[in-house]
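> A structural model of the following input is requested.
(2 chains)
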Amino acid sequence: MSFRKIDVDAYDEDVLQDTELYAPDPREPAQVLSDTKQKQLAVRSALNRSDITSALTVALEGPPYGPHVEEAKNLALQIVVSVLNSTKSTDVPAVLRSLSQDEQDTLMKYIYKGMGMPGWGDVSGSVLLGWHEKLTEIAGTGCIVRVMTDRKTV
Amino acid sequence: MSAPEVYSIAQTPITCHAFNADRSQVALSLNDDKAQIYVKEGREWVATETLAEHDKAITSIDWAPNSNRIVTASQDRNAYVWSQSPDPLTGKMMWKPTLVLLRINRAATFVRWSPNEDKFAVASGARAIAVCSFDAENNWWVAKQLKKPIRSTVLSVDWHPNNVLLAAGSADMKACVLSAYIKEVDKRLVPAPTVWGEKLPFSTICGEYASPAGGWVHTVSFSPSGDVLAFASHDSSISIVYPRGPVIQSIRISTLPYVTLTWTSEESLVAAGHDCQPVVFSGTEAGWGFVGSLDDTTGGGKSTAKGGSVGRLNSSAFNAFRNADTRGHAGGVDVSAGTELLTVHQNTITSVRPFEWGSDGSVSRVSTSGVDGKLVIWNVVPVSVTGKFAGMRV
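Take a look at the predicted model:
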């Protein structure tokens, strides 16, 4: 059965590359990481002021995507999860409504990423499910479809 | 809003449909390798003829209104042009196929006649579009292939009214505008400069566009003037491209993706797809927005559904389960009441096409066919005049 494991794409000269499907991040990987670290500080200070909306807006801005930025991606997930965990469930709908469509889509990406890594860091399934439910009510199933379709995975 | 005309043609999905010029006949494919011609008799459509030549499922049909020829494309990598000629024995008019040399090694996915009906474009999984013209010497249709910049399966094409430009949407997440100028056919037709470009030799790339979240492009369509391009992609969005600039207006929708759309005027279009209902959008270069659904999804006042809510999640069965979940009572709800959706189409709409034009040149009725085997003819005008959705512009 070894033929099933042959990577047939390796023999195809004009195979479709992942990089052809989306515009790459113009920033260098090191730049992305330092940007994300700065974001972490900004989010922390917003959380200390218990200003959830601006903490979440900052956390969802310019998410790292594409290859070679694994460290920044994990850090970004950690930042978003920290905001989600520190929000009272009664505040969730109001916070979500204040987000732009772009931010709602990005948040949904992080919710799905978090649900794919149960127990990692501070990821809590029940918190994510609560956010997912409220976000789907506001942004609709289209938001979920966009997460599944977008190749710019966070 | 006057009710749509609903015809239940079959229990199987309708892959695609194409009406003849006077709308008295329709060619359909019922998800198999044959195309059926239906003739309207009274209130019903009656199958009269079967066009059987393909040996795999038909993917697309187009009927040229003036020359009265049908073209079919299929997964068997072939296309046939069908024209009517009298049968030598009975004298009855019969549809006869003519071979098309497509030279593609994957399925043909979509086909459309050019506005002058002297060419047609076949989209395919072979990362190419075959632009076909008639070779009188050999009595067959020959193809010239457009390959760049296509990187994946082409899912739809649409002709610009000038008979030269072609828009294509493909699974590489891009919609593009290309020149399909064929010297032998278009020699007398020197294309006038358009907003898309001035000199247009074959395979000129006039523009490539993508929606913000990507998603393979299911459908592309030029506006009636050809100056604006709209496409719907699988990220549940519609994008409208104004090439000067270029300005791209993208609308993210909250429901499942649309797979087909058609313009009804320079400033409005109807889109339909996995949400099971045709939806009107309108706008200008400054901005576009959702206007309303052509479907009355209130289920005759029996349900509390609001216009614009998700069709798929709007069935009484879904509501029954949701009530059981949120309020914790399963007993009081009659789940057997039906799995029927409150929309007219009970499954994905596969194709929406203009059916009738009003006196001002805008489309007044559109036809849709769906996976539920229904063919529906909708009135477009009332949505904008009833004011039912007046407050719904976003």
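> which residues of chain A lie near chain B?
A:14, A:16, A:20-22, A:101-102, A:105, A:139-143, A:145-146, A:149-152 (C-beta under 8 Å from any C-beta of the partner chain). Yep, even glycine has a C-beta here, placed from its N, CA and C like the rest.
> list the contacts for B:Trp95?
Going by C-beta atoms under 8 Å, 6 or more residues apart in numbering or on different chains, B:Trp95 touches B:37, B:49, B:51, B:70, B:82-84.
> can I assume it sits in a strand?
Yes: counting by DSSP: H, G, I helix; E, B strand; the rest coil, B:Trp95 is located in a strand.
> leaving out chain neighbours, which residue sits closest to it?
B:Trp82 (4.5 Å; C-beta to C-beta, 6 or more residues apart in numbering or on different chains).
> residue contacts, that neighbour?
By C-beta under 8 Å, 6+ apart, the neighbours of B:Trp82 are B:35, B:51, B:69-72, B:95-98.
> what pairs with the host helix or strand of B:Thr48, parallel or antiparallel?
Assigned by DSSP states H and E, B:Thr48 falls within strand B:44-52. Strand B:44-52 pairs in its sheet with strand B:34-41 (antiparallel), by DSSP bridges.
> can you mark which positions in the partner strand are buried?
B:34-38 (16 or more other C-beta atoms under 10 Å in any protein chain shown).
> check stretch B:261-274 too.
B:261-265, B:267-274.
> so which of the residues you listed are in strands?
If you go by DSSP state E, those have B:261-265, B:268-273 in strands.
> return the member of those residues nearest to chain A.
B:Gly273 (10.9 Å; C-beta to the nearest C-beta).
> any idea how far the closest one lies from A:Leu84?
Between B:Gly273 and A:Leu84 the computed distance is 32 Å (C-beta to C-beta, to the nearest Å).
> pLDDT below threshold where in the chain?
Just going to use chain A. A:1 (pLDDT under 70).
> to clarify, I was referring to chain B.
Short version for chain B, where the test is pLDDT under 70: B:1, B:189, B:298-314, B:328-338, B:382-394.
> what's the neighbour count on A:Gly142?
22 (other C-beta atoms under 10 Å in any protein chain shown).
> please identify which helix or strand holds it.
Here A:Gly142 is assigned to helix A:125-149, by DSSP H and E.
> and the contacts of that helix?
So helix A:125-149 is contacted by A:84-85, A:89, A:92-93, A:96-97, A:101, A:104-105, A:107-109, A:111-112, A:114-115, A:118, B:213-216, B:233-237, B:252-257, B:310, B:312-313 (C-beta under 8 Å, 6+ apart).
> just stretch B:156-164 next, same as before
Residues contacting stretch B:156-164 (C-beta under 8 Å, 6+ apart): B:109-116, B:118-119, B:121, B:123, B:129, B:165-169, B:177, B:179-181, B:186, B:189, B:191-192, B:194, B:196, B:200, B:217-222, B:224-226.
> how about the residue in the stretch 1-150 of chain B that chain A sits nearest to: what's its closest non-neighbour residue?
Here the stretch 1-150 of chain B gets closest to chain A at one residue, B:Arg127, 7.7 Å apart by C-beta to the nearest C-beta. Nearest residue to B:Arg127, sequence neighbours excluded (C-beta to C-beta, 6+ apart): B:Ile150, at 4.9 Å.
> residues contacting the one you found?
B:127-129, B:168, B:170, B:172, B:176.
> the contacts of B:Trp82, buried ones only, as a PyMOL selection?
Buried members of these, defined by 16+ other C-beta under 10 Å, are picked up in PyMOL with:
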select buried, chain B and resi 35+51+69+70+71+72+95+97
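> out of the contacts of B:Trp82, which is nearest to B:Phe355?
Nearest to B:Phe355 among these: B:Ile70, at 17.2 Å, using C-beta to C-beta.
> tell me where the stretch 101-250 of chain B has helices.
Under the criterion DSSP state H, counting those that start in this stretch, helices of the stretch 101-250 of chain B are mapped to B:183-186.
> and whatever residue of it ends up closest to chain A, backbone torsions?
Closest approach between the stretch 101-250 of chain B and chain A, counting by C-beta to the nearest C-beta: B:Ser236, at 3.5 Å. Phi and psi for B:Ser236, reported as degrees, to the nearest 10, are phi 50, psi 50.
> so what's it up against?
Applying C-beta under 8 Å, 6+ apart, the residues contacting B:Ser236 are A:141-143, A:145-146, A:149, B:215, B:252-258.
> same thing but 7 Å
B:Ser236 sits next to A:142, A:145-146, B:252-253, B:255-257 when contact means C-beta atoms under 7 Å, 6 or more residues apart in numbering or on different chains.
> state the distance from it to B:Asp275.
9 Å.
> quick check: beta-bridge partners of B:Trp82?
B:Ile70, B:Pro97.
> any idea which element the residue nearest in space to the middle of chain A lies in?
The residue lying closest to the centre of chain A (C-alpha atoms, centre = their mean) is A:Tyr110, at 3.1 Å. Taking DSSP H and E as the definition, A:Tyr110 sits inside helix A:101-115.
> which ones are touching residue 118?
Answering for chain A, as no chain was given. Contacts of A:Pro118 by C-beta under 7 Å, 6+ apart are A:Gly125.
> not quite, go with chain B.
Contacts of B:Asp118 by C-beta under 7 Å, 6+ apart are B:133, B:185.
> please apply the same query to the one 3 residues further on.
By C-beta under 7 Å, 6+ apart, the contact set of B:Ala121 is B:112, B:129, B:131, B:157, B:159, B:166, B:180.
> go again using 10 Å as the cut-off
B:62, B:71, B:73, B:110-114, B:129-132, B:143, B:146, B:154, B:157-159, B:166-168, B:178, B:180 (C-beta atoms under 10 Å, 6 or more residues apart in numbering or on different chains).
> same question, B:Gly197
Here B:Gly197 is in contact with B:164-165, B:177, B:179, B:191, B:204-207, B:243 (criterion: C-beta under 10 Å, 6+ apart).
> put the buried members of those residues into a PyMOL selection.
Only the buried entries of these go into this PyMOL selection, using 16+ other C-beta under 10 Å:
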select buried, chain B and resi 164+165+177+179+191+204+206+207+243
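> so what's A:Ala42 up against?
A:54-55, A:58-59, A:61, A:79.
> just the buried ones from the residues you listed?
A:55, A:58-59, A:79.
> just these now: which is nearest chain B?
Checking the buried ones among the contacts of A:Ala42 one by one against chain B (C-beta to the nearest C-beta), the nearest turns out to be A:Ala59, at 19.1 Å.
> hey, what's B:Ile170 bridged with?
No, residue B:170 isn't Ile; it's Ser. So, taking DSSP bridges as the rule, B:Ser170 has B:Val154 as bridge partners.
> how about B:Lys119?
According to DSSP bridges, beta-bridge pairing links B:Lys119 with B:Ser133.
> count the neighbours of it for me.
25.
> my guess is it meets B:Asp186, correct?
Yes: counting by C-beta atoms under 10 Å, B:Asp186 is a contact partner of B:Lys119 at 8.1 Å.
> so where do the strands sit in the stretch 201-350 of chain B?
Ranges of strands within the stretch 201-350 of chain B are B:205-209, B:217-222, B:229-233, B:237-242, B:247-252, B:258-265, B:268-273, B:279-284, B:287-293, B:349-357, based on DSSP state E, counting those that start in this stretch.
> what is the orientation angle of the first one with strand B:247-252?
Using axes from the mean of the first three to the mean of the last three C-alpha atoms, to 10 degrees, the inter-axis angle of strand B:205-209 relative to strand B:247-252 is 40 degrees.
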